[in-house]
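Student: below are the sequence and a predicted model for it; my questions follow.
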Amino acid sequence: SSSPLPRRWSCPSRPGSIGLLLMIALVLSALRPAPVRAGGLYLMPRGTVPLARAGAAVAGSRSAHALWYNPAGLARSPNELLMDANLPVTSNRFTRYYDTTDENAEGRPVVDAPGLMVPIPTMAVTHDFGLEKLTFGGGLLIPMGSVPDWPDEVQFEGQTVRAPQRYSILDAEGSALGMWTVGVGYRATPRLNLGAAVYLMAGQIASRVAVVACDGVVCTIPESREFEGQTRVLLGPFLVPTGALGMTYDFDNARLGLSVNLPYRINGEATFKVSLPDTLLTRGARVEGDKADMSITFPAILRAGLEVDFRDDFRVEFAATSETWSMQDKAVVKPRDVWVRGLPSGIEFKAQDTELLRGSRDTIAVAMGAELDAPWLIGEDYLVIFRAGMMYETSAFTDEWLSPLTMDAEKIAISLGSTWHIGDHWKLDGVVGHMIMPDRVVRDSKVRMPVTLRPQLPDEDPETYAPGDNTSIANGDYQVSASYIGGGFRWLF
């Protein structure tokens, strides 16, 4: 439990109190990443054909999907128009564990958040323009994520209570992300292909969360409804360039692929609105200024794959992927001349630059994807290709940094898919699959209620909760499940 508060902190109109609330509210909201997972952005591999191979498409990519996985694969792509869409079907459950003993602890309320049913499209085209050694590609790529539909309130023991995840996320309404890309594949030698792609990430990120203005003195219930407000932040619109490089090398019965997607940083303007609680501590206060500069880094992606032809009609790729999410260990918010004025004390406060730790770590994924040509099924003019894949990926967050905002876990993905050739110009693709993610039990979370109305005092007994302690907002039980289905077509011309 915390040591007793010195007398000098017992004044409810302490000069920096409301300003600090506003600053923390701004930080918490502005630092919400895109409403997708798996390290913050990628829930599963993108694209119908690569997804059917569970992401093992680094050495064996032969279509416009090479724009993302390995631009060197463009050198082997035919002239084609590709359009597909994959639908992630997800569910999320968070059962909050309160490490308190005061009357605010509402038992163990459960919140369920189904993922919004939004297909994730890919649209791309490749063409060699009659050139012998070059093939160009371009298109629109959307992050393969899922947006949980979190409620504001839930039912618990016959009563309506505030949703237990509210301090992490209430909604991400208004968020949108897309990536425009152009690339080129170069046939350097009969065996060696090189490639490069340029991406332009465009979009905006929106977030709404609850914040608390409890000082531990006038208010001794950390999550008192009377001291709770909300804040909404919109980051963007923004345009951020980045790129990718890749190579493939063909052996007699195998091919090696290596690629890297470069990291990028979003530096943008955030606009925020804060709804303060109506208490003696905040009554009459106003916020002047609603802009801040925000900076957050997204990771590099390193890929390696080896595709082996075991027979003329059967090939298997073994692939590994590393995403450097540790680069996103913190995010920075710099308010632009934001002041809190009209405090009962008459004292003004200016919001300061702030960093927020995220605790992200690098992820590793290993995958195996197989393809079997089946001309015997229907005939050469209607060739069917069967696909299957399996992937394992680590989580970007340890238990101590997990929260309802980052509902991430270790993943095992199992995929099945096929392509049906219709004559010389059409290919129909399909995929179905499921992701197995173990439940997580968190009791030592470092994701804490932000300190708002008073400085954080040393906690002489951190193992025991007492009124006034900085409580955890992310301890609890986490359950996530995900399946997916998708399809598309390719028109060869």
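Tutor: Good, I have the coordinates. Everything numeric here is computed off the predicted structure, so don't read it as measured data.
Student: gap between the two ends of stretch 416-432?
Tutor: Using C-alpha to C-alpha, to the nearest Å, the end-to-end distance of stretch 416-432 comes to 6 Å.
Student: show me where this protein has helices.
Tutor: For the chain, the helices identified by DSSP state H occupy 17-30, 48-52, 66-69, in order along the chain.
Student: so what does the second one touch, helix or strand wise?
Tutor: With contacts defined as 3 or more C-beta pairs under 8 Å, 6 or more residues apart in numbering; DSSP states H and E, helix 48-52 has these neighbours: strand 80-96, strand 384-393, strand 411-422, strand 426-436, strand 476-492. Yep, even glycine has a C-beta here, placed from its N, CA and C like the rest.
Student: now those as TSV including distance to Pro344?
Tutor: Putting the helices and strands packed on helix 48-52 into TSV (distance: least, C-beta to C-beta, whole Å) gives the following:
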stretch	distance to Pro344
strand 80-96	34
strand 384-393	52
strand 411-422	51
strand 426-436	53
strand 476-492	37
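Student: tell me which of those strands lies nearest to Leu131.
Tutor: strand 80-96 (16.0 Å; C-beta to C-beta).
Student: report the buried residues of the closest one.
Tutor: Of the residues in strand 80-96, 80-86, 88, 90, 92-96 count as buried by neighbour count, 16 or more other C-beta atoms under 10 Å.
Student: surely Thr419 and Asp429 touch.
Tutor: Yes. Shown here, Thr419 and Asp429 form a contact pair, counting by C-beta atoms under 8 Å, at 5.0 Å.
Student: quick check: neighbours shared by the two?
Tutor: Counting by C-beta atoms under 8 Å, 6 or more residues apart in numbering, the residues touching both Thr419 and Asp429 are Val49.
Student: need the longest strand for the chain.
Tutor: When the chain is scanned for its longest strand (criterion: DSSP state E), the result is strand 228-250.
Student: related to what we said a few turns ago, if you average pLDDT over each of the helices of the chain, which comes out lowest?
Tutor: When these are compared by mean pLDDT, helix 17-30 comes last with a mean of 40.
Student: list the contacts of Met391.
Tutor: The neighbourhood of Met391, defined by C-beta under 8 Å, 6+ apart, consists of 45, 54-56, 365-368, 411-413, 415.
Student: same thing but at 6 Å, please
Tutor: Listed by C-beta atoms under 6 Å, 6 or more residues apart in numbering, the contact set of Met391 reads 54-55, 365, 367, 413.
Student: that one pairs with what?
Tutor: Legend: beta-bridge partners of Met391 under DSSP bridges are Ala367, Ala413.
Student: that one and Val384, how far apart?
Tutor: 23 Å (C-beta to C-beta, to the nearest Å).
Student: same question, Glu132
Tutor: Relative to Val384, Glu132 is positioned 32 Å away (C-beta to C-beta).
Student: separation between Trp339 and Ala56?
Tutor: When C-beta to C-beta is the yardstick, Trp339 and Ala56 sit 54 Å from each other.
Student: of those two, who's got more company?
Tutor: Of the pair Trp339 and Ala56, Ala56 is the one with more neighbours under other C-beta atoms under 10 Å, namely 35 against 16.
Student: which residue, other than its chain neighbours, is closest to the more buried one?
Tutor: Closest residue to Ala56 apart from its sequence neighbours, by C-beta to C-beta, 6 or more residues apart in numbering: Gly369 at 3.3 Å.
Student: what's the burial count for that neighbour?
Tutor: Using other C-beta under 10 Å, Gly369 has 30 neighbouring residues.
Student: got it, and the one 10 residues further on?
Tutor: As a burial measure, the neighbour count of Gly379 was computed by other C-beta under 10 Å and equals 10.
Student: try Leu377
Tutor: Around Leu377 there are 12 residues (other C-beta under 10 Å).
Student: ok, it - contacts?
Tutor: Counting by C-beta under 6 Å, 6+ apart, Leu377 makes contact with Val384.
Student: could I get the phi/psi values of it?
Tutor: The phi and psi values for Leu377, taken as degrees, to the nearest 10, are phi -70, psi -50.
Student: distance of it relative to Ile385?
Tutor: In this structure, Leu377 and Ile385 are 10 Å apart, going by C-beta to C-beta.
Student: likewise for Phe238?
Tutor: Shown here: Phe238 relative to Ile385, a distance of 39 Å by C-beta to C-beta.
Student: neighbour-wise, which of these two wins?
Tutor: More crowded of Phe238 and Ile385, by other C-beta under 10 Å: Ile385, with 20 against 16.
Student: can you pull the pLDDT of that one?
Tutor: Reported pLDDT for Ile385: 96.
Student: need the contact list for it.
Tutor: Under the criterion of C-beta under 6 Å, 6+ apart, the contact partners of Ile385 comprise 371, 373, 419.
Student: the closest residue to it other than its chain neighbours: neighbour count?
Tutor: Taking C-beta to C-beta, 6+ apart as the measure, Ile385 lies nearest to Thr419, with 4.4 Å between them; neighbours along the chain are not counted. When counting by other C-beta under 10 Å, one arrives at 23 neighbours for Thr419.
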